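Trainee: Sequence below, structure please.
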Amino acid sequence: MATAAAPRRFCRCACFCSENLYVARYGLHLRFRDEQQLRQDYGPILRSRGCVNTEDFQQLLVELEQEVERRRRLGQESAARKALIVSSYCPARPDIYSALQDAALAPEFLAAVKYSASPGADLKGLLQRLETVSEEKRIYRVPVFTASFCQALLEELEHFEQSDMPKGRPNTMNNYGVLLHELGLDEPLVTPLRERFLQPLMGLLYPDCGGAWLDSHRAFVVKYAPGQDRELGCHYDNAELTLNVALGKAFTGGSLYFGGLFQAPAALMQPLEVEHVVGQGVLHRGGQLHGARALCTGERWNLVIWLRASAVRNRLCPMCCRKPDLVDDEGFSDGFTREEPPMVDVCALT
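Mentor: Residues are numbered from 1 along each chain as shown. Here you go, the predicted model:
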């Protein structure tokens, strides 16, 4: 009698606790090991951004040390929050937790996916079924969810936000939103979306970025509103590929802007502005520098899915640009594995 295979174990890179620590008031992502290294590497630029006296620097040190400690505890604390939510939370929209159905997806998205999975499908044919936002930057847009599904998901997210359940930050730059794996939406919603729908699409759009080898993800919803987060500084994602879907509500401002790949010189010259359209998803490479302009009015909720391919990232961590130093972690973690990846060309850096 055959035995079931052990669940695949995913890892993070050890750099997670020392690289790309975001300090919003100075608009910087910092590497941090100790005070001496911080002064040596960032002294001049910190002074130019307003960190000018001993008190400023000591406050920054405390914040960085707290962020390092938060990151070290992140996996365990996230698992504890998820367990409490599973045992105690009562959803407003239980239907959202059922297995993803085609009826939740926009007809244009279904048509593009169907074509991508058909014999003889090629990039030229797929691009006839998507909006090309930028051919040079390889940014595309397509309706993903129906209006009714966006509304139902928003109702559930707002209900959870207003509950007394514990909530984790979506990422290191956003303070308001929801981690979908903690809410229990990874298995019914995000995993089938990645495996059944996004993988054939991304395989044609981004074969050099592991689009056909996506094996994990990190999915979260971010919220922008007056008195909360209103904008997002320039950054790149810890992902091979990204899907960003505007869920609602009514808002003005908050458009995305894109530069070049983070490895390229002058990567933010002449940024490209992209307006959000509710229900539609923007597809881009994770290494594309981008941010969000300030929200003017209303509330904006976006579903962001970082799509990861261990076949690519096992060779080079996108955050420290070194061979990853693997640390076992919870869930999908940061998408690294200890297995030998298949042969896949990494993204071109030009």
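Trainee: and the strand or helix carrying Gln36, which residues are buried?
Mentor: In this assignment (DSSP states H and E), Gln36 forms part of helix 35-48. The neighbour-count check on helix 35-48 (16 or more other C-beta atoms under 10 Å) flags 38, 42, 46 as buried. All C-beta atoms are positioned from the backbone trio N, CA, C, and that covers glycine.
Trainee: Equivalent analysis for stretch 271-283, please.
Mentor: 271-272, 274, 276, 278-283.
Trainee: quick one: which of those residues is nearest Glu339?
Mentor: Leu283 (27.0 Å; C-beta to C-beta).
Trainee: Name the SS class of Glu19, please.
Mentor: The assignment at Glu19 comes out as coil when based on DSSP: H, G, I helix; E, B strand; the rest coil.
Trainee: ok, it - contacts?
Mentor: 31, 319-320 (C-beta atoms under 8 Å, 6 or more residues apart in numbering).
Trainee: thinking again about what came up before, and the two most separated of the buried residues of stretch 271-283?
Mentor: Top of the distance list for the buried residues of stretch 271-283 (C-beta to C-beta): Pro271 and Gly279, 24.4 Å.
Trainee: Grab the CA positions of stretch 84-100 and hand them over as CSV.
Mentor: What follows is stretch 84-100, C-alpha atoms only, in CSV (Å, rounded to 0.1, in the frame of the first residue of the first chain):
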residue,chain,number,x,y,z
LEU,A,84,-7.5,31.5,16.8
ILE,A,85,-9.3,32.8,13.7
VAL,A,86,-10.2,29.2,12.6
SER,A,87,-11.5,28.3,16.1
SER,A,88,-13.4,31.6,16.9
TYR,A,89,-14.2,33.7,13.9
CYS,A,90,-17.7,33.7,12.4
PRO,A,91,-17.7,34.8,8.7
ALA,A,92,-20.3,37.2,7.3
ARG,A,93,-20.0,35.5,3.9
PRO,A,94,-19.4,31.8,4.3
ASP,A,95,-19.8,31.3,0.5
ILE,A,96,-16.4,33.1,0.0
TYR,A,97,-14.8,30.1,1.7
SER,A,98,-16.2,27.6,-0.7
ALA,A,99,-13.9,26.3,-3.5
LEU,A,100,-13.3,28.9,-6.2
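Trainee: Residues contacting it, please?
Mentor: The contact list for stretch 84-100, computed with C-beta under 8 Å, 6+ apart, reads 152-153, 155-156, 159-160, 163, 165-166, 182-185, 188-189, 192-193, 196.
Trainee: just stretch 154-170 next, same as before
Mentor: For stretch 154-170, using C-beta under 8 Å, 6+ apart, the contacting residues are 74, 77-78, 81, 84-85, 88-89, 91-93, 96, 175-179, 182-183, 220-223, 247-249, 301, 304.
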